[in-house]
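J.: sequence first, then the predicted structure, then my questions.
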Amino acid sequence: MAGNQTSVTEFILLGFPLSPEIQMVLFGLFTLFYAFTLLGNGLILGLISLDPRLHTPMYFFLSHLAIVDIAYACNTVPQMLVNLLRPDKPISFAGCLTQTFLFLTFAHTECLLLVVMSYDRYVAISHPLHYSVIMSWRVCITLALTAWILGVLLALVHLGLLIPLPFCGPQKVNHFFCEIIAVLKLACADTHVNEIMVLTGAVSVLVGPFTSIVISYIHILRAILKIQSGEGRQKAFSTCSSHLCVVGLFYGTAIIMYVGPRYGNPKEQKKYLLLFHSLFNPMLNPLIYSLRNKEVKAALKRILEKERTS
């Protein structure tokens, strides 16, 4: 670096280049969506903890997914709302790196949790008689902890490569949060290794797990087709449909963002895809599970009836 360059101590998130009036409208909408995200996932967590009938491996993993979705939204949305009101308000260098680390942690953890949930559905449908033995509570806790630990470790790898980089200006991040690629573009050094690691991490954490999920559902489909009764088939399909919807939303947007082809204006496309990923996915997940899951709706009904009688 040249002698007249100084280290950056804070960044400014550019967010969305829109008029102040539209930004105020977006502030109201995004605040509403954020509230729905917290309420929806909080409701899922409350139902699972209060209703003993939901104390099963499937809902144990769903509770972890709800925690990740809440954390996901809390990491990116509040800063985005602040920037909509005050576009020139900076975020500290340490705060920016923390946001990057947490986003990667939750993203990796959700990828792995969705794989674990697909394995749980595979065992439940393909090996129903041995389900309680294979998916014991010890196994479930180990799988969930493994997803969280790997999520943290993978994020630490990216953070360890990011911290030593010099940042000497400009300090404007072309995003609504400190997304790793947008931050790397501001470094005053060669970031080739970092970008290769981001792509490698995306391929290993997205394409690998997604392939595992596809293989699991191929086996699940074969097992369902062998079920004689129509009612049994319908029940098996219903237990998988919610998970498949969530997988499609999460992996679809993530693979397009980090693995898919580059065309058009990738900066702006990724920005809006990540908005969907960070705000709408966590909001839609509890709606998908509550609207398409009879057990969740039944648990909510029992809780409400209990409240009325008391």
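T.: In hand now; what should we look at?
J.: what about Val8, distance to Leu104?
T.: 21 Å (C-beta to C-beta, to the nearest Å). (Each C-beta comes from the backbone N, C-alpha and C, glycine too.)
J.: just Lys297 next, same as before
T.: Lys297 sits 34 Å away from Leu104 when distances are taken as C-beta to C-beta.
J.: more neighbours: which of the two?
T.: The neighbour comparison of Lys297 against Leu104 (other C-beta atoms under 10 Å) goes to Leu104, with 24 against 14.
J.: for that one, what is the enclosing helix or strand?
T.: Using DSSP states H and E, Leu104 sits in helix 93-126.
J.: after that helix, which helix or strand is next? Please name it.
T.: Later in the chain than helix 93-126, the nearest helix or strand by DSSP H and E is helix 131-134.
J.: now for the next helix-or-strand element following that next one, which elements pack on it?
T.: Downstream of helix 131-134, the first helix or strand assigned by DSSP H and E is helix 137-162. Under the contact criterion of 3 or more C-beta pairs under 8 Å, 6 or more residues apart in numbering; DSSP states H and E, helix 137-162 touches helix 57-85, helix 93-126, helix 180-184, helix 192-202.
J.: JSON lines for the ones you listed, including mean pLDDT?
T.: Formatted as JSON lines, the helices and strands packed on helix 137-162 follow (pLDDT from 0 to 100):
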{"stretch": "helix 57-85", "mean pLDDT": "92"}
{"stretch": "helix 93-126", "mean pLDDT": "92"}
{"stretch": "helix 180-184", "mean pLDDT": "90"}
{"stretch": "helix 192-202", "mean pLDDT": "88"}
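J.: out of these, nearest to Arg222?
T.: In terms of C-beta to C-beta, the element of the helices and strands packed on helix 137-162 nearest to Arg222 is helix 93-126, at 8.1 Å.
J.: specify the angle between that closest one and helix 57-85 in degrees.
T.: On the basis of axes from the mean of the first three to the mean of the last three C-alpha atoms, to 10 degrees, helix 93-126 is oriented at 150 degrees to helix 57-85.
J.: for the remainder of this discussion, apply numbering that starts at 22.
T.: Renumbered: residue one is now 22, and that last one reads helix 114-147.
J.: and what about Phe32, helix, strand or coil?
T.: Secondary structure, DSSP: H, G, I helix; E, B strand; the rest coil: Phe32 is strand.
J.: doesn't Gln192 make contact with it?
T.: Yes - here Phe32 lies in contact with Gln192, judged by C-beta atoms under 8 Å, at a distance of 5.1 Å.
J.: common neighbours of those two, please.
T.: Counting by C-beta atoms under 8 Å, 6 or more residues apart in numbering, the common neighbours of Phe32 and Gln192 are 111, 207.
J.: neighbour count: those two, which is higher?
T.: Using other C-beta under 10 Å as the criterion, Phe32 and Gln192 rank with Phe32 on top: 24 against 16.
J.: just list whatever residues bridge to the more buried one.
T.: Ile112 (DSSP bridges).
J.: that one and Val144: what is the separation?
T.: Remark: distance between Phe32 and Val144 (C-beta to C-beta) = 46 Å.
J.: try Ala165
T.: Ala165 sits 15 Å away from Val144, going by C-beta to C-beta.
J.: kindly report the same for Leu174.
T.: Look at Leu174 and Val144: by C-beta to C-beta, they are 26 Å apart.
J.: when those two are compared, which one has more neighbours?
T.: Val144 (20 against 11).
J.: from Gln120, how far out is the closest residue to the more buried one other than its chain neighbours?
T.: Excluding its sequence neighbours, the residue lying closest to Val144 (C-beta to C-beta, 6 or more residues apart in numbering) is Ile155, at 5.1 Å. Distance, Ile155 to Gln120, using C-beta to C-beta: 38 Å.
J.: name the residue in these two with the higher neighbour count.
T.: Legend: neighbour count by other C-beta under 10 Å for Ile155 and Gln120, higher for Gln120 (20 against 14).
J.: just checking, Pro307 touches Leu59?
T.: No - assessed by C-beta under 8 Å, Pro307 is found out of contact with Leu59, at 10.0 Å.
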